[in-house]
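# Here's my sequence, what's the structure:
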Amino acid sequence: MSAGITEIARQLEAGAVIPYLGSGMLALCEGVTVPATPGALAAVMTAKVSVPHKIRARLTQAAQFIENFKHRKSVVMLMDEAYAAVPVPSQLHRTLATSGATLWVDSWYDDTLLAAVRAAHPQGGWRQIQGLSQSEHFGQWTADYDANDQVVDAPANATTRLLYRPIGGHSPASNYLVSDSDFVEVLTEIDIQTPIPEVVQERRKERRFLFLGCRFDDQLTRSFARQIMKRSSDTHWAVLPEEPTRMEARFLEEQGIAPIPMPLAEFGALLADALQPVLAR
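Coordinates of the predicted model:
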C-alpha cells in the first residue's frame, strides 16, 4: 500500500492527479461543525421550516418543498446559515491545496477546501468555478471567481489552478444546487457535458482522479462523478474505509476506480509523508 501512495504522491505533484473531495472530508476537521451528509443538512433545514414528514429526511425533496411553498430565497438563507462557519482545514486539505494539483473538484457546500487553497496560494494564480441553479441563473451553468472573489469572464489560462465546485458552495455568492429542480436541470444536460465548463473538460484529459471522503451509494453522486470523469484516464483511486455497497462496487469496477481501504486520516498522513521526498527532488 505504501508503494501505491508513493506513486499517487508522485503523480499528484506532477499535476497528473485530480483530487475529488466529498463531504466525508469534514470528519477530519476540528473546531466548528457544519452538516456533512445530505441527511444532516435536511435535518438542519427542516428544523427551521415545516416540511411534510415523509420527505423531511430527503434533502433534495425537502429543499424543493421549501422552494415551492416559501421561496427560493428561503432555501438560500437556510443554506447560508448552515455553512456560514468554516471548519479548520485538516492536514489532508492542506496537503492537497499545496500539492502540484492544477484542478480540484469539491463536491460539497462547505468552504473548507477553499480556505485551504486561499492559505496555500495567497498571491492568487487560482480561481474557483461554481455550478449555478437554473432557477436563479437561467441559461448560465457556472460562474467563475478569482482569488479576490470577483466574477471573471475571461477563460482561465493553462497555468491557472482551478477549484471546481459542481454543486456550488457558500462563498462568495451563495450558489447552491440542492433542490430537485436544481439537479433535474443539470442531469438533463450533463450527459452531453453542457453544465461542465470547457476548461474542466480540457484539464481532466488523461488525468487520474483521487476520490476522498466520497461515497457512491446513491445515483446522484454516481452520476456527477461519472460525467466529471468522462474522457479522463481509465484508472483512478478512492479512499474507502468502509466496505462498498453492491452498487458502489459495481460503479468502482465500471469506472476503473481502485479502492484504498484505509481511514482518511491515515491516508492523509501517509500521503503527506510520501510527498516530502517528491518535493525535495
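# C-alpha only now, for contacts and for neighbours.
OK.
# what comes up buried for whatever helix or strand residue 200 lives in?
For residue 200, the element it lies in under DSSP states H and E is helix 198-203. By neighbour count on 16 or more other Cα atoms under 10 Å, the buried set for helix 198-203 is 200, 201, 203.
# Give me the contact list for it.
Applying Cα atoms under 8 Å, 6 or more residues apart in numbering, the external contacts of helix 198-203 come out as 103, 155, 156, 164, 228.
# all strands for the stretch 1-150 of the chain, in order.
For the stretch 1-150 of the chain, applying DSSP state E, counting those that start in this stretch gives strands covering 17-21, 103-106, 126-131, 142-146.
# Help me confirm that residue 141 comes into contact with residue 129.
No. Using Cα atoms under 8 Å, residue 141 is not in contact with residue 129, being 10.1 Å away.
# For the two, work out which one has more neighbours and name it.
More crowded of residue 141 and residue 129, by other Cα atoms under 10 Å: residue 129, with 24 against 18.
# what's near enough to touch the nearest residue to residue 264 once chain neighbours are set aside?
Leaving aside its chain neighbours, residue 264 sits nearest to residue 239 (6.7 Å; criterion: Cα to Cα, 6 or more residues apart in numbering). By Cα under 8 Å, 6+ apart, the contact set of residue 239 is 210, 211, 212, 213, 259, 260, 261, 262, 263, 264, 267.
# And residue 55, by the same measure?
Counting by Cα under 8 Å, 6+ apart, residue 55 has contacts 61, 62.
# Residue 116 now?
Taking Cα under 8 Å, 6+ apart as the contact definition, residue 116 lies against 89, 93, 94, 97.
# for residue 142, same thing?
129, 130, 131, 132, 195, 196, 197.
# circling back: most neighbours, which of the contacts of helix 198-203?
Most neighbours among the contacts of helix 198-203, by other Cα under 10 Å: residue 103, with 26 neighbours.
# Correct me if wrong: that one contacts residue 162.
Yes. Counting by Cα under 8 Å, residue 162 is a contact partner of residue 103 at 4.7 Å.
# Go ahead and confirm residue 42 touches residue 57.
Yes. Contact criterion Cα under 8 Å: residue 42 and residue 57 qualify, at 5.7 Å.
# tell me the domain ranges of this protein?
Annotated domains of the chain cover 2-29+89-280, 38-82 [automatic domain parsing].
# so can I have JSON lines of those showing mean pLDDT?
Formatted as JSON lines, the domains of the chain follow (pLDDT from 0 to 100):
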{"stretch": "domain 2-29+89-280", "mean pLDDT": "95"}
{"stretch": "domain 38-82", "mean pLDDT": "96"}
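# Do you have the strands of the stretch 151-281 of the chain handy? List them.
161-165, 168-169, 175-176, 208-212, 236-239, 257-260.
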